[in-house]
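Engineer: Prediction below, plus the sequence it came from.
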Amino acid sequence: MQGREGGLRLCCCLGKGKEPPVRLGWKGPRSPTPALGCLPPTQGTSRVGAARGSSASARGGDTTAQQPRARLLTAGRGGHSPQLSFFSPGWRLTAVPEVLEQFLRQGRLSALIWGLCQQHSRPGSAERQDALLGRIVCLPDLVGNSLQGQGPAVFFPQHYFPLLGGAVLQVLHNVSTSLRGGLDCSVSFVSHILGKVCIHGRQKEILSVLVPQLTDLTKSDCIWQRICWRLVECVPERWMEAVVLGFVQRAPGADVLSRLLGNLVVKNKKAQFVVTQKMLLLQYSYTTAVLQNLLGYLSLDGLRRALLIKVLQELLETWGSSSAVKHSPLEQQQYISKAILICLSHLKEPEIESCRQDLLTSMMEGVKCHLDSSLPQVRRLGMIVAESISSKINTDGPVLKFQVKVVVKFLSVLAALPRQQGSDGTDSFWLVNTDCYLTGFIVSHCLHDDDLIPYDMSEDKELKKTKAPVYIRDCIEALTGSEDLDKWEEAVKALESLVRKNPAAAREVSVELAKILLHLEEKTCLEGFAELRQKAQVAVLTTDPIPVAQYLTSQFYSLNYSLRQRMDILDVLVLAAQELSCPKGHGKTKHSGAQNPGTQLLPETGSSKDWRRIVDERIKSKTRRFAKGQSHVEQPSGPNEFNSLAGHFFFPLIQNFDRPLSTFDLLGEDHFVLGRLVHTLAVLMYLAVNTVAVTAMGKALLEFVWALRFHTDSFVRQGLLSCVSSVLLSVPAERLLLDVTEELLETRSWLEDVVEKDPDGDCRRLALQNLLLMENLKKKLETAPS
Amino acid sequence: MAQPAPDPHFVLRGAGAAVHALQFSCGGEEPDVPILFSGSENGFIHVWNLKTHRVDAALDGHGRKSVYWLKTMDGKARLLSQGRDQRICLWDLAEGRTSVTDSVYTENVGFCRCSLLKVAQGRWLIATAAKALEEVQVLELPSKTSVCTLKPEVGAKLGMPMCLKLWQGSCGSQPSLLAGYEDGSVLLWNLSTGEVLSQLICHQEPVMSLDFDSEKAKGISGSSEKVLSIWSLDEQQNLQVQKTHRLVNAGISDITIRPDKKIVATAGWDHRIRIFGWKKLKPLAVLDYHTATVHSVSFSDHKSPTDRLLAAGAKDHRISIWSIYAQT
């Protein structure tokens, strides 16, 4: 039964099965009719002699697939081979899968592979191996193609590949036994199978069988470990990536990965590239667990640790590159930051010592370009990573400390880190809980002790000596001349309500007040100072809009203001515009707009989100919905005070953006202020809905957008897209088509471009929303009777 | 959520000037009406009827000089008052009389309130700051004979006495005097030998007021700073600081422990009355009613515990009456 050829040996294997091969011979004719029934009509009439060729061509050039199987059967039938050509193709199409199914079910696959592992270096064996490899790996495809997807379930990929995995495992067991018996054998054919399966995208199926088993087997057995290492090392270059990816993603832990792969990354260039470059720097879709596997694997062996340091340096280089910060998507930056944090946690003291200077340099660069970004998430990310690096490299010296609140998502990363486990994540949470529990206990204990229940003492605050000023002019005096800090604080607190109470008195000194407030600096540590000042500014602006708006907008572009002050101006303009455009039912709700926490545009509350939220809400409110909502509450109506003022707020701001001053360059370094300006314009534009100036404003704004459309900062681009939304929503559709057609068409093509190419996800989303808005407008115009 | 602090039970208006001293007299049986004496800055002592909340009588005996200490001797018939005219007057108020029957000229120009202790039936001791700057004099009443003069050592530099507390341990032990001085220290004097038993520096600023619980041998003192100090007296007659409590605002003008030793009330310069549990000095309530410095706090001596009241007199001419923790 020892066949010489592969095909022949396969027949021997078949012959070894329980059923004699003869049965194959007459099993076919038993069911010719149903087999014929499943043939396509063109084949039913074709002659038997031509069957092989015609069926192959009918199946889309699958000749190679059919031939060996035919040969296989021919060989299997031995002396009866001439009979085969008399079988109808219908018969073959049922018989062959059945034979194959039996072949698979009886575990012959492993015997076949094992046979190939034992004998090598025969002449011509390489081609045979290749051919068999193709057959084994592609069997589900071949069968599926031949039978039009109606083959037995065992040939479905989700069943076949685990089966193949089992066979591979069986072979590896044989290899292990034979190695222990002192016999040499090769696993290269198995590696080929593994590689080819993986490159065909069946990693999940085969590795879900292999990895758990191998994890167990390699736990304490060094022969198994060596077999495993050999198995992955023998995978050909072209399939290496798929195999490594599969293992890294599926290994339950770094130690397991280390046992399975050995020092593959050191020996194999391709694997090294995949692990140290591709998975870390080029791709960013892997989960944190995969990252931890990967970097943990690198850290577990002396040879690989060198790679770990190299990887860290490369990661830091990317992290610290301003172009990467600017152009790569936020998700990728998060991924790289995670990788850096994990790397850091694996580094040991002497290793840090050796590269401390490098780390410091890249940290400094990275912090600089992260803090430069106008997206708050990016800044926060930079701060978190920099803090970790700093605490890692400065064991005794001062460490960098930003007061960032670590995002919850990030905490989970930290919590999972091997060394920081407990101290950062779950444990602290637990501590908080026990703390609550303890205080609760103490309180109840006290109560029990002397039965006296305390009253609320929250009002017990420090007593203020000075009284709040009663007149606006007193406030001005206290804010400008006074050295008495208590008086100053009281004045800051009282100013807003004073202005609201006495609009007439406020109008007399409005510009002076605006000037004082704009230059007002925090003299004492007054809680909520920024908010108080902003509210007062808004109150002044709404009380006497035209002169104050003129003053503020002119100051926005003048010399010697800090960026903070310029952004304050923008915030105040927006809040005031919002307040003015709100319909007021009665006097009481007059400044509810300013007090509404949702509309606070203070920098502390992550204002970019607020900006966008406002615009998003607007878009949402304009979207038609097919659901029954609650009854619409009648809004109090009244004249829009913003109508006559919109231009005063809007046009001075849009005029001078391209004229750099010595201290203020909107188009250069100060792109953050530009971003805020753009967002401000978007909101002003929106609030100007139904006003007279709206068309002119829209036209100007679209021109402005056009000039800045290729700005590198995504925050600015987001603002520009919001501007477009506002224009589309505010300007009446007819006016849009009549007066700003050109601009609209230009904008449209730009939007399409953004949707496809912009690296920032939010930009793409906004652009898509804009396109939808345009479509809606178009539809509306088409349906409207003209 | 804790309950909001209660409002005053009622408020007595019409004292006509800042109120500096308060003294309840509510222990009498029916038909005696409960009475509150108050001493004002304008020298009047008002007798408040706590049933009608009206002034029954206004006593004028200190030459329109501020009255800053009041104490009854055995019921409401006899009242001691101390005024800025440097006199301590004994009033006979029985059967509607309103006359000064006796007076002591102390020659002291400070603000130190006296302290009265009943040592036997018909025999009292009164401690008062004396003419000399650092001295305290103890007299026997009603005979007005000097028991002793307590003089600190030369060079002790304690400053003026600011507050006094005469007390006597149980089972007839010798009466002692606790005195708080201008330099922030509290001294324990032995009256029979006239010697200092113990000295404790518990404040950086003058001790404005103190009270002592002889049962627990524990006292509390307040000063013009933000700290309340609790100290105890051990068997060796040594004063020791037990703990300090930090206040929100500086300045305590009066401290009183309720007779049942359960709670303590303080009168604050920040216009607020604070209530603490006496056991652990747990803050219990902050009573915010007055609009100026509270000068005096006093607990009533009602027979029935549930009737007990707390009175506070303030610079805003008002006396607020509170019913707080009366059930316990």
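Structural biologist: Done, it's in. Model, not experiment: these values are computed from the prediction.
Engineer: what's the span of stretch A:461-478, first residue to last?
Structural biologist: One end of stretch A:461-478 sits 23 Å from the other (CA to CA, to the nearest Å).
Engineer: So for it, what gets flagged as buried?
Structural biologist: A:468-469, A:472, A:474-476, A:478 (16 or more other CB atoms under 10 Å in any protein chain shown). C-betas here are computed from N, CA, C, even on glycine.
Engineer: Flag the shaky bits of the stretch 101-250 of chain B, pLDDT-wise.
Structural biologist: Counting by pLDDT under 70, the stretch 101-250 of chain B has low-confidence residues at B:171-172.
Engineer: Write out the residues of it neighbouring chain A.
Structural biologist: B:248-249 (CB under 8 Å from any CB of the partner chain).
Engineer: residue boundaries of the strands in the stretch 101-250 of chain B?
Structural biologist: Taking DSSP state E, counting those that start in this stretch to define them, one finds strands in the stretch 101-250 of chain B at B:115-120, B:123-129, B:136-141, B:145-150, B:161-168, B:175-181, B:185-190, B:195-201, B:207-213, B:218-223, B:227-233, B:239-246.
Engineer: So which of the ones you listed is the most surrounded?
Structural biologist: Mean neighbour count (mean count of other CB atoms under 10 Å in any protein chain shown) peaks for strand B:218-223 among the strands of the stretch 101-250 of chain B, with a mean of 26.
Engineer: where in chain A is pLDDT low?
Structural biologist: Looking at chain A by pLDDT under 70, you get A:1-93, A:119-124, A:149, A:395-397, A:403-450, A:464-466, A:583-612, A:620-638, A:784-786.
Engineer: Spell out which residues of it are next to chain B.
Structural biologist: Residues of chain A lying near chain B (CB under 8 Å from any CB): A:446, A:449-457, A:459-463.
Engineer: Who are the contact partners of the residue most central in space within chain A?
Structural biologist: For chain A, residue A:331 is the residue whose C-alpha lies nearest the centre (CA atoms, centre = their mean; 3.9 Å). Shown in contact with residue A:331 (CB atoms under 8 Å, 6 or more residues apart in numbering or on different chains): A:284, A:761.
Engineer: could you dump the strands of the stretch 101-250 of chain B to TSV with distance to residue A:221?
Structural biologist: Shown next, in TSV, are the strands of the stretch 101-250 of chain B (distance: least, CB to CB, whole Å):
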stretch	distance to residue A:221
strand B:115-120	92
strand B:123-129	94
strand B:136-141	94
strand B:145-150	94
strand B:161-168	86
strand B:175-181	84
strand B:185-190	81
strand B:195-201	78
strand B:207-213	79
strand B:218-223	75
strand B:227-233	72
strand B:239-246	67
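Engineer: nearest to residue A:613, of these?
Structural biologist: Nearest of the strands of the stretch 101-250 of chain B to residue A:613, taken as CB to CB: strand B:239-246 at 43.5 Å.
Engineer: Give the next helix or strand downstream of that closest one.
Structural biologist: Using DSSP states H and E, the helix or strand that directly follows strand B:239-246 along the chain is strand B:252-257.
Engineer: who's in contact with residue B:191?
Structural biologist: Here residue B:191 is in contact with B:125, B:138, B:147-148, B:150, B:174-177 (CB under 8 Å, 6+ apart).
Engineer: Over to residue B:313: give its phi and psi.
Structural biologist: phi -110, psi 140 (degrees, to the nearest 10).
Engineer: thinking it is in contact with residue B:20, fair?
Structural biologist: Yes. Assessed by CB atoms under 8 Å, residue B:313 is found in contact with residue B:20 at 6.7 Å.
Engineer: who touches both of these two?
Structural biologist: B:295-296.
Engineer: Give me the neighbour count for residue B:78.
Structural biologist: 18 (other CB atoms under 10 Å in any protein chain shown).
Engineer: picking that back up, what's the closest of the strands of the stretch 101-250 of chain B to residue A:244?
Structural biologist: Of all these, strand B:239-246 comes closest under CB to CB, at 64.1 Å.
Engineer: quick one: contacts of that closest one?
Structural biologist: B:186, B:188, B:198-200, B:202, B:218, B:226-234, B:276, B:281, B:283.
Engineer: Likewise for stretch B:63-74?
Structural biologist: B:20-23, B:25, B:37-45, B:78-85, B:90, B:111, B:113-114, B:116, B:118, B:124, B:141.
Engineer: Among those, name the ones in strands.
Structural biologist: With DSSP state E as the criterion, strands contain B:20-23, B:25, B:37-40, B:44-45, B:78-83, B:90, B:116, B:118, B:124, B:141 from among the contacts of stretch B:63-74.
Engineer: List buried residues within these.
Structural biologist: B:20-23, B:25, B:37-40, B:44-45, B:78-83, B:90, B:116, B:124, B:141.
Engineer: what's near enough to touch the residue lying closest to residue A:136 once chain neighbours are set aside?
Structural biologist: Distances taken as CB to CB, 6 or more residues apart in numbering or on different chains place residue A:193 nearest to residue A:136, at 6.2 Å, with adjacent residues excluded. Listed by CB under 8 Å, 6+ apart, the contact partners of residue A:193 are A:113, A:133, A:136-137, A:164, A:168.
Engineer: Reformat the residues you listed as TSV; add neighbour count.
Structural biologist: Shown next, in TSV, are the contacts of residue A:193 (neighbours: other CB atoms under 10 Å in any protein chain shown):
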residue	neighbour count
A:113	24
A:133	18
A:136	20
A:137	24
A:164	27
A:168	26
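Engineer: Let me have those in TSV, extended by secondary structure and distance to residue A:221.
Structural biologist: Converted to TSV, the contacts of residue A:193 look like this (DSSP: H, G, I helix; E, B strand; the rest coil; distance: CB to CB, whole Å):
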residue	secondary structure	distance to residue A:221
A:113	helix	21
A:133	helix	28
A:136	helix	27
A:137	helix	28
A:164	helix	23
A:168	helix	17
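Engineer: what's the most distant pair in the residues you listed?
Structural biologist: Top of the distance list for the contacts of residue A:193 (CB to CB): A:133 and A:168, 12.5 Å.
Engineer: Please state the mean pLDDT value computed over stretch B:17-24.
Structural biologist: Mean per-residue pLDDT for stretch B:17-24: 94.
Engineer: Residue 98: neighbouring residues, count only.
Structural biologist: With no chain named, the answer covers chain A. 15.
Engineer: my question was about chain B
Structural biologist: By the measure other CB under 10 Å, the count of residues near residue B:98 is 16.
Engineer: my read: it touches residue B:46, true?
Structural biologist: No. Counting by CB under 8 Å, residue B:98 sits too far from residue B:46 to count as a contact (11.6 Å).
Engineer: tell me, what's touching the two both at once?
Structural biologist: With CB under 8 Å, 6+ apart as the test, residue B:98 and residue B:46 both reach B:57, B:59.
Engineer: if you go through the stretch 51-200 of chain A in chain order, where are the helices?
Structural biologist: Using DSSP state H, counting those that start in this stretch, the helices of the stretch 51-200 of chain A run over A:51-58, A:63-77, A:81-84, A:89-105, A:108-118, A:125-147, A:157-180, A:188-199.
Engineer: any chance of those in CSV, plus distance to residue A:239?
Structural biologist: Putting these into CSV (distance: least, CB to CB, whole Å) gives the following:
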stretch, distance to residue A:239
helix A:51-58, 28
helix A:63-77, 20
helix A:81-84, 35
helix A:89-105, 23
helix A:108-118, 17
helix A:125-147, 11
helix A:157-180, 14
helix A:188-199, 3
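Engineer: deepest of those helices, which one?
Structural biologist: Most buried among those, counting by mean count of other CB under 10 Å: helix A:188-199, with a mean of 23.
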